[in-house]
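Visitor: Quick one: sequence and predicted model below, then my questions.
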Amino acid sequence: MPAMTLRGCSVRTPPAGRFLLAIGIWLAWLAWIRPLTLPDEGRYAGVAWDMLRSGSHAVPLLDGMPYFHKPPLYYWLTELSFSVFGAHPWAARVPSWLAAWGAAAGLYGFLRRHRDAAAATLTVLILATLPFFYGGAQFANLDMLVAGMITLCLLAAADTVLRAERGQAYRWMSLAAAALAALAVLAKGLIGVVLPGAILFLWLAWGRRWRGLAALLWPPAVLVFIAVAAPWFVLMQLRYPGFYDYFFVYQHFQRFAAGGFNNAQPFWFYLPVVAGLSLPWSLWGGGILRKAFWADGPARDLRRFALLWFAVVIAFFSLPHSKLVGYVLPALAPLAFLLSEVILGAWRAKTGGATPRLVCLSAAVAAAICAIAVGIAANNARGSAAPLAKVLREQARPEDTYVSLHAYPFDLALYARAPRPAWVVDDWLNPEVPTRDNWRKELYDAARFDPATGAEVLIGPAEFNARLCKAPDGARYWVWGTASDNQAYAPLRGLEPAVSSAKHAMWRVEAGAALRQRVCGETPKAGSR
């Protein structure tokens, strides 16, 4: 477990290099023991695999079709990770781990420069052992990546302002802040610049630091932001007319303002979530509410900056009806700093004799929660395609076709190393498909940008049967479904699954006379598909 060097629970600040190395090892520990969590990890890792196997490095793909829910940075990094390490679940988590480690290292360096070594060490210790942060560092989706980029952007921007105020060289840091803001946009869209911009503006206005605003908006920095952030978006619009409307108008503004999406929660949802997922460190949070904590002192400006940072993130994501836990990961770095300031204040006071022991206890309990939570997740991999895909990899041939019935197993292609997109059999003419926020709508929307591929992979039951009837003898199909599909779909009747789990099964269907007799010569009956 990462920690400051302790002797009887009294602090000796450890060397920076060894401490940050320990933090990196800690954040990566246990990332390999659990399968991909569905749907999120399976979806995002599956998109990266689809891009890698097809060579479509610019366009994110979902079952072979353009997937424009999110920008490409996570997919690019995961493609690279798969290329280096292989297509493993833990390799899909490398971008999140790197973002978390980078944010922790950036926070450490910023606080060593503008606060002191003890504050830097304790803040990063708290951050790395927050169960919320630890889980995000080992979760294969976009949330920790954008949180890491936003954290680094805000730290670089604040450093730019402080350097400019002191008459020190700041321009290289201004360029870094602009590049990091652009990477945050490539990680998850406009929030990558909206959130840092709002936080910084409020902080600068609070302290009347207008010289700092000029330093951040230095024209070369603005050009760096545009040069890094803009090309991918321009290319996608040129290649796929309608991209801007779908990505910016619909995915950003309409989804943010509208109701009817998944995970609707009350306005106050995130406060108990952050407090609960930050235990036991959040128990120190009462000190933040004390008037004396905000009195004049050497850390007042940094505390104000952290307060605004935390409050803006929480308030921004509390506005829409749909709320996912990972959205507020950018609020954890300032929370860790504020908690460390409370603890160090008590530690350095004459009455703080018990504080070192309480810090040791908090760190131990927090680390135990992190490890136990990962262990529980590893033993509750509901719906994972990993067990079935293992058998599939041993038996499938490169030319075999994968088929999924009334479902889309996001992780199957990755685990099975499927060479091509799967056919997804469902009622795609149902008018409710484009109105419901689920996997069907994701595939339906993707097909709008590539109708030819959509017509190939999104098919109805009748088309599925017709294709099997036309298939040459010996053609093989691996069909994913549930046990009840054995009677519901004519091609599966009389067949035993090649492999099955508690929830799902896969059948191997081979074209030939027996299949044609079973499927092509019968008259559909009521209730059959």
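Guide: In hand now; what should we look at? Numbers count the residues shown, from 1 in each chain.

Visitor: So this protein: which segments form each domain?
Guide: Annotated domains of the chain cover 93-378, 386-519 [automatic domain parsing].

Visitor: what separates the last one from the chain centre, distance-wise?
Guide: Shown here is domain 386-519, whose average C-alpha point lies 27 Å from the average C-alpha point of the whole chain (CA atoms, centre = their mean, to the nearest Å).

Visitor: which of the domains of the chain sits most buried?
Guide: Across those, averaging neighbours per residue (mean count of other CB atoms under 10 Å) puts domain 93-378 on top, at a mean of 19. In short, each C-beta sits where N, CA and C put it, glycine included.

Visitor: what would the domains of the chain look like in TSV with mean pLDDT?
Guide: Conversion of the domains of the chain to TSV gives the following (pLDDT from 0 to 100):
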stretch	mean pLDDT
domain 93-378	93
domain 386-519	94
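
Visitor: out of those domains, nearest to residue 16?
Guide: Each of these has some distance to residue 16 by CB to CB; the shortest is domain 93-378, at 7.0 Å.

Visitor: Now do that closest one: distance to the chain's middle.
Guide: Counting by CA atoms, centre = their mean, domain 93-378 comes out at 15 Å from the chain centroid.

Visitor: Can you check the distance spanned by that domain, start to finish?
Guide: The stretch domain 93-378 measures 15 Å between its terminal residues, going by CA to CA, to the nearest Å.

Visitor: Tell me where the stretch 51-200 of the chain has strands.
Guide: 61-62, 65-66 (DSSP state E, counting those that start in this stretch).

Visitor: Please disregard the earlier target; I meant the stretch 301-450 of the chain.
Guide: If you assign secondary structure with DSSP E, counting those that start in this stretch, the strands in the stretch 301-450 of the chain sit at 401-405, 423-425.

Visitor: follow-up on the earlier one: format the domains of the chain as a markdown table; extra columns: distance to residue 69.
Guide: Output for the domains of the chain, formatted as a markdown table (distance: least, CB to CB, whole Å):
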| stretch | distance to residue 69 |
| --- | --- |
| domain 93-378 | 6 |
| domain 386-519 | 7 |
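
Visitor: So which of these is nearest residue 36?
Guide: Taking the domains of the chain one by one with CB to CB, domain 386-519 is closest: 4.8 Å.

Visitor: so which of the strands of the stretch 301-450 of the chain gets nearest residue 217?
Guide: Between residue 217 and these, the shortest gap by CB to CB is with strand 423-425, which sits at 47.5 Å.

Visitor: partners of the closest one, with directions?
Guide: Strand 423-425 has the following strand partners under DSSP bridges: strand 401-405 (parallel), strand 458-459 (parallel).

Visitor: Now distance to residue 493 too, for these, in JSON lines please.
Guide: Below are the strands paired with strand 423-425 laid out as JSON lines (distance: least, CB to CB, whole Å):
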{"stretch": "strand 401-405", "distance to residue 493": "13"}
{"stretch": "strand 458-459", "distance to residue 493": "19"}
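
Visitor: Hmm, residue 287 is touching residue 340, no?
Guide: No. Under the criterion of CB atoms under 8 Å, residue 287 makes no contact with residue 340, lying 10.7 Å away.

Visitor: Tell me where the stretch 401-529 of the chain has helices.
Guide: With DSSP state H, counting those that start in this stretch as the definition, the stretch 401-529 of the chain shows helices at residue ranges 412-416, 439-449, 451-457, 461-470, 485-488, 513-519.

Visitor: From the contact counts, what lies against the first one?
Guide: In this structure, helix 412-416 packs against helix 40-54, helix 386-395, strand 401-405, with contacts taken as 3 or more CB pairs under 8 Å, 6 or more residues apart in numbering; DSSP states H and E.

Visitor: With respect to residue 35, which of the domains of the chain lies nearest?
Guide: Relative to residue 35, the nearest member of the domains of the chain by CB to CB is domain 386-519, separated by 4.6 Å.

Visitor: so where do the helices sit in the stretch 201-350 of the chain?
Guide: Counting by DSSP H, counting those that start in this stretch, the stretch 201-350 of the chain forms helices over residues 210-216, 219-239, 243-244, 255-257, 270-277, 300-318, 332-348, given from the N-terminal end onward.

Visitor: Could you work out which of those reaches nearest to residue 34?
Guide: Between residue 34 and the helices of the stretch 201-350 of the chain, the shortest gap by CB to CB is with helix 270-277, which sits at 17.8 Å.

Visitor: and the residue nearest to residue 40 when sequence neighbours are not counted, what does it touch?
Guide: Taking CB to CB, 6 or more residues apart in numbering, and ignoring the residues beside it in sequence, residue 40 has residue 141 as its nearest neighbour in space, at 4.7 Å. With contact taken as CB atoms under 8 Å, 6 or more residues apart in numbering, residue 141 is in contact with 40, 41, 43, 44, 74, 96, 326.

Visitor: at 7 Å what do you get?
Guide: Contacts were defined as CB atoms under 7 Å, 6 or more residues apart in numbering; by that measure residue 141 touches 40, 41, 44, 326.

Visitor: Which of these ranks first by neighbour count?
Guide: If you count neighbours using other CB atoms under 10 Å, the busiest of those is residue 44, which has 28 neighbours.

Visitor: Show the contacting residues for that residue.
Guide: Residues counted as contacts of residue 44 (CB under 7 Å, 6+ apart) are 74, 140, 141, 142.

Visitor: Does the second one touch residue 97 like I think?
Guide: No. The pair residue 140 / residue 97 is not scored as a contact, 9.7 Å apart, by CB atoms under 7 Å.

Visitor: Can you work out which residues contact both of these two?
Guide: Both residue 140 and residue 97 lack any common contact, where contact means CB under 7 Å, 6+ apart.

Visitor: ok so, going back, any chance of the helices of the stretch 201-350 of the chain in CSV with distance to residue 113 as columns?
Guide: As requested, the helices of the stretch 201-350 of the chain are exported to CSV (distance: least, CB to CB, whole Å):
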stretch, distance to residue 113
helix 210-216, 16
helix 219-239, 20
helix 243-244, 40
helix 255-257, 36
helix 270-277, 27
helix 300-318, 11
helix 332-348, 14
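
Visitor: and of those helices, who's closest to residue 130?
Guide: Between residue 130 and the helices of the stretch 201-350 of the chain, the shortest separation by CB to CB is 5.9 Å, and it involves helix 332-348.

Visitor: Can you tell me which helices and strands that closest one packs against?
Guide: Contacts of helix 332-348 with other secondary structure elements, assessed using 3 or more CB pairs under 7 Å, 6 or more residues apart in numbering; DSSP states H and E, are made with helix 117-129, helix 300-318, helix 355-378.

Visitor: That helix vs helix 117-129, what angle?
Guide: The directions of helix 332-348 and helix 117-129 differ by 130 degrees, with axes from the mean of the first three to the mean of the last three CA atoms, to 10 degrees as the criterion.

Visitor: Would you report the backbone torsion angles of the residue nearest to residue 40?
Guide: Taking degrees, to the nearest 10, you get phi -150, psi -170 for the backbone angles of residue 141.

Visitor: Return the most buried member of the strands of the stretch 51-200 of the chain.
Guide: Mean neighbour count (mean count of other CB under 10 Å) peaks for strand 65-66 among those, with a mean of 24.
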